[in-house]
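Engineer: the following block contains a protein sequence and its predicted model.
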Amino acid sequence: MGRRSGRGRTGGPDAARGLAVEGGGRETLEAEHLMLKAIVEQADDAIYIKDNDRRYIMINPAGVALIQRDSTAIIGRRDEDLFEPETAAIIRAKDEQVLATGRPMRYEVSVQVPAGPRRYQTFKYPLRAADGATIGLISMVRDITTQYEAQEEVKRQNVALERANALKTFLIQTASHDLRSPLTAIGGYVELLTEGLVGSLTPEQHKFVALIGANAERMGLLIHDLLDYALLEAGVFRLMRKPTDLGALARGVVALHAPQAALSGLSLTGPDERTSVWAEVDAARVEQVLSNFVGNAVKFTPPGGRIEVTLAAEGEDALVAVTDTGPGIAPAERTRLFQPFSQLGTASPSAGVGLGLSICRVIAEAHGGCVGVESGPGGGARFCLRLPIRPPEEPAPESPTLRFT
């Protein structure tokens, strides 16, 4: 039924050698033949040769193991005799294409074998005679089932993550917008009550209204962070750069937080009027970062403490630092401080959702800069914002779209 070869049961390079080389017998040819035979037999990939009629004339041990039949049942047969019709049709079409065009081919195919479905990567090359005529083809088949299944699992997980991320963004956007309207109404009523436009209030009622106003304001800040986060995730949050005096900007942030710092019994100082460093930045977003740093310092520094905002030019960068005498931050917490939804272990339940510092990180990186923190338990904290200095006369780079990583 099949042709015998110099390899015996599995066939061998002898059969192909008879096709491509007439005669021979020189020692060099024999040595090369033995080396080729050893390589083919020891290869992990299935290697086989077919003639122009697509009949197997050689197959190595890996190929025998792949087809799971004795070599005597393979040599001399076509794929129609060995595989189920669908698989055989695929192999036949590829073989005929290589034989007809004389061009090599690479493809992947899933095959149902007795052990179950497998994924194979196949390389096919035309086998040529000394005169260049195509007299058959050589195929190498590699089982890539493990790699393929791993890649497919990664794809499935990515699709699931994308769906979850889209749902998360939708919920954040929806919740934020739906909450903003009633909060605006609450703020308006608080203002009416505080100003006595609907009647005078007792001292105790003033206290309650002030609490309502403070909590409404806190909720508004949370919604602002959620909206920023949703914009960052959607990739539509863009920088609007312009020449900015970081010294004046830092002094403005200090002035904004000075009343609350005074109420908390804290000393808050900023750069003096002579300190001026210019940079091409989105002033509103840089102010947002510094305001977050100073606001956190005011929140966590105990009465009698000090908060200092400094600005300096360091080479081609501007460095703004906010240093406080608060309780400090443990090393384990510093590593995750700028990640979304991360909070300090000392944070109160009303501290927020943990987005402020992660948004600060993305804003800094979009400017080509970075944020960082230096601290130790009981030793205070120093939050830093480093930005590239871009003088007003130099064009700013194209404003990038901000995204979380």
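Structural biologist: Cool, the structure landed.
Engineer: did I read that right, R386 in a helix?
Structural biologist: No. Assignment of R386 by DSSP: H, G, I helix; E, B strand; the rest coil gives strand, placing it outside any helix.
Engineer: residues contacting it?
Structural biologist: By C-beta atoms under 8 Å, 6 or more residues apart in numbering, the contact set of R386 is 314, 317-320, 364, 369-372. Where you see a C-beta, it was placed from the backbone N, CA and C, and this is true even at glycine.
Engineer: mind checking which of those residues are buried?
Structural biologist: By neighbour count, with 16 or more other C-beta atoms under 10 Å, those hold 317-320, 364, 369, 371 as buried.
Engineer: ok, and what's touching stretch 146-163?
Structural biologist: With C-beta under 8 Å, 6+ apart as the test, stretch 146-163 has contacts from 108, 119.
Engineer: so which bits of that stretch are buried?
Structural biologist: Neighbour-count burial for stretch 146-163, counted by 16+ other C-beta under 10 Å, picks out Y148.
Engineer: repeat for stretch 263-273
Structural biologist: Within stretch 263-273, the residues that count as buried by 16+ other C-beta under 10 Å are 264, 266, 268, 270-271.
Engineer: quick one: end-to-end length of it, please.
Structural biologist: Using C-alpha to C-alpha, to the nearest Å, the end-to-end distance of stretch 263-273 comes to 25 Å.
Engineer: avg pLDDT for that stretch?
Structural biologist: For stretch 263-273, mean pLDDT rounds to 95.
Engineer: where along the protein do the strands fall?
Structural biologist: All strands of the chain, identified by DSSP state E, fall at 46-51, 56-59, 105-113, 116-128, 134-143, 242-245, 267-269, 278-281, 306-314, 317-324, 370-375, 381-388.
Engineer: so what strands line up beside the last one?
Structural biologist: The reference is to strand 381-388. Sheet pairing for strand 381-388, assigned by DSSP bridges, gives strand 317-324 (antiparallel), strand 370-375 (antiparallel).
Engineer: contacts only, for A43.
Structural biologist: Applying C-beta under 8 Å, 6+ apart to A43 gives the contacts 60, 62, 140.
Engineer: for those residues, which single residue is the most surrounded?
Structural biologist: Using other C-beta atoms under 10 Å as the neighbour test, the contacts of A43 are led by N60, with 27 neighbours.
Engineer: give me the low-pLDDT residue ranges for the stretch 101-250 of the chain?
Structural biologist: Regions of the stretch 101-250 of the chain meeting the criterion pLDDT under 70 cover residues 113-114, 167-169, 171-173, 175-177, 233-237.
Engineer: residue ranges of the helices in it, please?
Structural biologist: Secondary structure of the stretch 101-250 of the chain (DSSP state H, counting those that start in this stretch): helices located at 145-194, 203-234, 246-263.
Engineer: need the winner for burial among these.
Structural biologist: helix 246-263 (a mean of 17; mean count of other C-beta atoms under 10 Å).
Engineer: would you quantify the distance from F341 to D225?
Structural biologist: Noted for F341: a distance of 10 Å to D225, by C-beta to C-beta, to the nearest Å.
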